[in-house]
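Trainee: Quick one, what's the 3D model for this:
(chains A and B)
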Amino acid sequence: MPEFRTSPGMRDVLEPEASRWRHLIDTFAAVVARAGYGQIMLPVLEDLGVFTRIGDATDVVTKEMYDFTDKGGRHIALRPEFTAGVCRAYVQHRPTTPWKVWYAGPNFRYERPQRGRYRQFEQVGVEVLDVDDPMVDVEVIALGWEFFSRLGLRRVELHLNSLGEPADRLAYTEALRTHFESRLDQLSEAARETLARNPLRVLDSKRPDDAAAIASAPSITEFWSESAAEHYGAVRDGLRALEIPFIENTALVRGLDYYRRTTFEYVGGTLDSAQNALGGGGRYDGLVADLGGPQTSGIGFALGVERTLLACDDEGVFPAGDSAVEVYVVDTTGGAEASLVAARLRAAGFSCEQAFGQRSLKSQMKSADRSGAQVAVLIGPDEHQAGTLTVRSLRGQSGQTTIDAGDLVEHLRRVIAVTCE
RNA sequence: GUGGGCGUAGCUCAGCCAGGUUAGAGCGUCAGGUUGUGGCCCUGAAGGUCGGGGGUUCAAGUCCCCUCGCUCACCCCA
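Mentor: Here you go, the predicted structure:
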């Protein structure tokens, strides 16, 4: 083993996977840009306090933060998610509203890595600030749906719920606490610990031991105030109008404390593990105020890039693109002429690479073949002396012609156009 | 934080259960067969602290202990 490797939960993304990432983010950017969302690039580091607002009952904040004190004595953290940073930026810059932004980038959580879960993980997402209209909930949810469908995913489920207004949520939380505390004997050890911190999240338990207590628990639907029920109804109607199928899931409580009213999650239908949430989001109408800004409504979602790619693998869609160059230059006269030819071809718009290391013709031709290039341009002593180049086809039958060096670009324009068809 | 599985060549792995001469294979790399021409085939070469440390033994890749790493699951969440 080498002396140094990636730190646990961190990975290098090499080709062809890297191209896939780029295409995924390009696809996302295209979808949301068409809806008028602008990109926001946030620092990876924020003051710790920005993130502690997202929930002191969550592991994300209490146990999983990468935090440290910098040389100036500030208590800093690597971001575990984007939403809090977006709200901080909103308070700092006070942009005109509605403010609709999208982002892509890494987040950090100190967890035990496993399939679909890394300590550094990539998310793409959108946030809309200062619009209370349920139609914006519909738009946001629809954008995520559109993205998955554009990637070719067909087995994604949209789960939908409402946590009610803050007072509803609070009343429901207390009702759950009462319910579960009277049935401690029906709860697993782990669920009892969860209950002490956050009764809502007991609903999220997938342990069979807890199933009975969860099934008999009160439902959030009984606690919705009129305004919350109305908002939620409008969101459902809007999704139906767009023919976006959704599953109402009153146990969908989401991980972070700031959510209220609409919450939703995109679940990978083929991912069998507990890491099957491709992404999720909801309303966080109090978060901007918590960060010192005015009372401002907000809604958004974040999608996990690694998990989305896993889902693509499982469904056999969104393969890596072909990154092969068009032309490969082989030179047995030292390589200097190959450099000139390659530079000319690139300037003319061709993709092109050349062999290095003054290897034998046979060896260079092998590299040319493996590069996936359509044609090889050969420079040997004969061509060097005569001012010519030999152009050899690497696909199909192996014809070759020798041309004047000056005719190369024009010749390749014909040859490659034909081969590309 | 807890548990299972796995660490042998650049990659994928065999060898370990029943310890025993110079640790193997395929792929990849390089060279040659083809004195200028890739793909298929053939030949050869380079490449290994058997994750690390300790122990048992005449002898450890193989057995035991510890440790580090990877991985899957719990948990948590994207």
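
Trainee: Quick check: the gap between A:Thr262 and A:Leu345.
Mentor: Separation of A:Thr262 from A:Leu345 (Cβ to Cβ, to the nearest Å): 54 Å. For the C-beta atoms, the positions are set from N, CA and C on the backbone; glycine is no exception.

Trainee: wait, A:Ser363
Mentor: Distance of A:Ser363 to A:Leu345, computed by Cβ to Cβ: 22 Å.

Trainee: and the closest residue to A:Ser339 other than its chain neighbours, how many neighbours?
Mentor: Spatial nearest neighbour of A:Ser339, chain neighbours left out: A:Gln354 (6.9 Å); criterion: Cβ to Cβ, 6 or more residues apart in numbering. The tally of other residues near A:Gln354 (other Cβ atoms under 10 Å) stands at 24.

Trainee: next one: A:Pro208
Mentor: Residues near A:Pro208, counting by other Cβ under 10 Å, number 8.

Trainee: Look up how far RNA strand B lies from it.
Mentor: Per Cβ to the nearest atom of the strand, to the nearest Å, A:Pro208 is found 9 Å from RNA strand B.

Trainee: Tell me which stretches of the stretch 201-350 of chain A form helices.
Mentor: A:211-215, A:226-241, A:287-290, A:305-315, A:336-347 (DSSP state H, counting those that start in this stretch).

Trainee: Between those helices, which one is closest to RNA strand B.
Mentor: Nearest to RNA strand B, of all the helices of the stretch 201-350 of chain A, is helix A:305-315, at 4.7 Å by Cβ to the nearest atom of the strand.

Trainee: Pull out the buried residues from the closest one.
Mentor: For helix A:305-315, burial by neighbour count (16 or more other Cβ atoms under 10 Å) applies to A:Val305, A:Glu306, A:Arg307, A:Thr308, A:Leu309, A:Leu310, A:Ala311, A:Cys312, A:Glu315.

Trainee: ok now that helix, how far from the chain's centre?
Mentor: Its chain's C-alpha centre and that of helix A:305-315 lie 10 Å apart, by Cα atoms, centre = their mean, to the nearest Å.

Trainee: List the contacts of that helix.
Mentor: Outside helix A:305-315, the residues that touch it by Cβ atoms under 8 Å, 6 or more residues apart in numbering are A:17, A:20-21, A:24-25, A:104, A:115-116, A:118, A:121-124, A:148, A:151-156, A:268, A:270-271, A:275-279, A:318.

Trainee: and the residue nearest to A:Ser339, what pLDDT?
Mentor: The score at A:Gln354 is 90. That number is its pLDDT.
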